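> Okay, sequence plus prediction incoming.
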Amino acid sequence: MKINEIVVISGKGGTGKTTLVASLVPFLGKTVIADCDVDAPDLNILFGNTVKAEDEFIGLQRADLNKDICTNCGLCYEKCKFNAITKDIEISKSKCEGCGVCEFICPVNAITMKDSVVGKVFISDTKYGEMVHARLIPGEETSGKLVTEVRKRSKELANDKNINNIIIDGSPGIACNVIASITGVSKAVIVVEPTLSGLHDLEKVYKLADKFNLKIYVVINKYDLSKEQAEKIEEYCEKENLEIALKIPFNRKMVEAITKKEIPSLYEKDFFEKIGFNEFVQKLIK
Amino acid sequence: MRIAVLSGKGGTGKTTIATNLAANKKNSILIDTDVEEPNSHIFMKPNIEENIAVKVNYPVVDTDKCTLCGKCGTFCRYNAILPAKNNVLVFEEICHDCGGCELVCPTGAISYKQREIGKIHCGKTKYDINMKYGDLNVGEVSGVRIIEKLKDMTKNEEVVFIDSPPGTSCATVAAIEDIDFAVIVTEPTPFGVSDMKMVVEMLRRMNIKFGVVINKAGLGDDEIYDYCKSENIDILEEIPFDEKIAKLYASGDLLSYEIESYKEKIMTILSKIA
Amino acid sequence: MKIAVCAKNEGLKSEVDNRFGRAENYVIYDTEEGNAVTIENSAKNEPSGAGGSATRLLSENKVEVVLAPELGPKAVDAIRAFGIEAYRFNDVKTVEDAINKYKDGSLEKFITSTTNSKHGLHRA
């Protein structure tokens, strides 16, 4: 059985990606929820904090210096291309990309590569199914790998429990964490706001998503904030043959729902029905 | 003086604050280090005078010298170089350019070539200051090298405003390293508070002084104020939620140049930080 | 001849794994001897390029044929460079099923062409 993995992404953050994911969840039937926005994991705020399992996540190995053996010869400083070793031989953990050059070059074996924890992975129970989420230690790299781990665990849960759908809150941007969010999914939803920069960001993230073999839907959020920009986005979508699957008008009640830690689509049921949310859901779970 | 504007999540108004601050500070320069989705230039409308390609190295193997001993493949922790049966494969997009394969190669068969991962665009803006912005090519995994180059190019400038990448990952760390002050832009929603906490944790770990601008004030609740109070965090200014601002943003205009009361707010922030 | 199958557990009765480079294990079946050994995939937790690294592991184990459900572009390149043949399985439960289907000749071959000019790939 092929699992239906749906990822919601946006070029820039703050377009309403998490709000949309949360709104979809109660309507998807049996689903696993995967929060891959590991920099800003916010879904658990709406679904309550009921963590039932947590693991430290080792993202990479990093250089560890034994000062007692080090002769301050400076070779590692010279060879490190990431500026992770200072002239007086101090290792800056956050800059170390774990390549192992310093370990190799050190003539007295003062450097060893050691496992480095970069974040945590959690599994929580929610009213609508299990949720896998993670938290990158602030300032850490390898968020792409952490995203991959969240995806892997979600798939395991779905497989074990015969669940058809996985809904993924993707990361913003276009780099490694986004690529890790999209790889291998069946459908991608791009959330965009009707602004000049929104269109610009949509173009970039679409170019990325288009490299993968998947069905793409566009959602214009707060589309009535600028009719002019919304039209430009619609023109762009038409040109690229992109399906606009949902247009959500600005509604203060959405923010109110989030503030009350309620799920917007349940808090504002009529509003969602009116904009064709149910039809949109059907497309995603088909 | 280097001032970074950052936010835990995207869409809080980071670019709005960064562009307005820079446009109201004579002789400053703005760099947009949100290279995955740079937006500052949409508001600053620079006249681009120079485009600089940012390049990284990747290895190439000289087949005449290569003995297929396999040492490069064993060393590379990213599996970017793979000695196979009759040749050596290089997967350049996952190469971190650490130089390790060249170091371990016993026959000197490895050298490096360069490829472009993105560009830096430089120009004078409509608001009489200079700006530079990075733009990462689609499909590339990391923009950190572009960010480092942007920082390096502006290291001798008097006042630099940095529009940072959102979040707290390695790209943000690269953007805010060695800065004097950080302005966190957040919004008064549970998401805004949660994401801001991660930024505060990062800034404290890095020993960077910071203050907060609360954007879209009035839209959510008071949790952010309680949090700032309990953590002794300075609130520099509040910008109310205002549909006029949303409309200006949508069309790419700077609010401090359109609405006098917002100019005052920007000047207040400037007086506190620069 | 040795055939490797992506597997979640050990032995011929193991469930197949739906990943190649990050598969848990490989069950290697020897057609001459008629027996199978399981090796752990040492590449499964690599930060990047697991497909290439896994292919190298299989080559070291003298594998000539790989049965997998999906292969990424890097894995395809690597498999080709090591002179290994790859076949796609789907709708099979166990390693044994996959091998039987291979023997029947009912699996589709992954690599049909030996030319490759994929962008971004530099050959020695």
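Okay, I see it. Numbering: from 1, shown residues only, chains lettered A, B, ... in the order given.

> Helices of chain C, residue ranges please.
Under the criterion DSSP state H, helices of chain C are mapped to C:50-60, C:73-81, C:95-104.

> Out of these, flag the one nearest A:Arg62.
helix C:50-60 (19.8 Å; Cβ to Cβ). Just so you know, the C-beta spots here come from the backbone N, C-alpha and C atoms, and that holds for glycine as well.

> Next, the angle helix C:73-81 makes with that closest one.
Inter-element angle recorded for helix C:50-60 and helix C:73-81: 20 degrees (by axes from the mean of the first three to the mean of the last three Cα atoms, to 10 degrees).

> for stretch A:157-173, which positions count as buried?
A:157-158, A:163-173 (16 or more other Cβ atoms under 10 Å in any protein chain shown).

> Of the residues you listed, which is the nearest to chain C?
A:Ala158 (11.7 Å; Cβ to the nearest Cβ).

> Could you verify that the closest one is part of a strand?
No. Going by DSSP: H, G, I helix; E, B strand; the rest coil, the assignment for A:Ala158 is helix, not a strand.

> For it, give me the pLDDT.
Note on A:Ala158: pLDDT of 94.

> coming back round to it: I'd like to know which of the helices of chain C has the weakest mean confidence.
Among these, helix C:73-81 carries the lowest mean pLDDT (a mean of 89).

> Any residue of it touching chain B?
Yes. Legend: contact between helix C:73-81 and chain B by Cβ under 8 Å from any Cβ of the partner chain is shown at C:74, C:77-78, C:81.

> contact partners of that helix?
B:82, B:84-87, B:89, B:91, C:20-21, C:49, C:51-52, C:54-56, C:66, C:71, C:85-86, C:110-111, C:114, C:116, C:118, C:121 (Cβ atoms under 8 Å, 6 or more residues apart in numbering or on different chains).

> State the pLDDT value of the residue nearest to the spatial centre of chain B.
Here the mean C-alpha position of chain B is nearest to the C-alpha of B:Thr33 (Cα atoms, centre = their mean), at a distance of 2.8 Å. Looking at B:Thr33, its pLDDT is 97.

> so it touches B:Val160, yeah?
No. Look at B:Thr33 against B:Val160 with Cβ atoms under 8 Å: they stay out of range, at 10.5 Å.

> For the chain, which helix or strand comes out least confident on mean pLDDT?
Picking chain A for this. helix A:176-182 (a mean of 87; mean pLDDT, DSSP states H and E).

> My question was about chain B, not that one.
Using mean pLDDT, DSSP H and E, the lowest element in chain B is helix B:243-251, with a mean of 88.

> That one close to chain A?
Yes. Applying Cβ under 8 Å from any Cβ, one finds helix B:243-251 in contact with chain A at B:243, B:246-247, B:249-251.

> and the residues you listed as JSON lines, adding neighbour count?
Shown next, in JSON lines, are the residues of helix B:243-251 next to chain A (neighbours: other Cβ atoms under 10 Å in any protein chain shown):
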{"residue": "B:Glu243", "neighbour count": "9"}
{"residue": "B:Ala246", "neighbour count": "17"}
{"residue": "B:Lys247", "neighbour count": "17"}
{"residue": "B:Tyr249", "neighbour count": "25"}
{"residue": "B:Ala250", "neighbour count": "22"}
{"residue": "B:Ser251", "neighbour count": "13"}
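
> and which of the residues you listed is nearest B:Ser111?
For those, the nearest to B:Ser111 is B:Tyr249 (48.4 Å; Cβ to Cβ).
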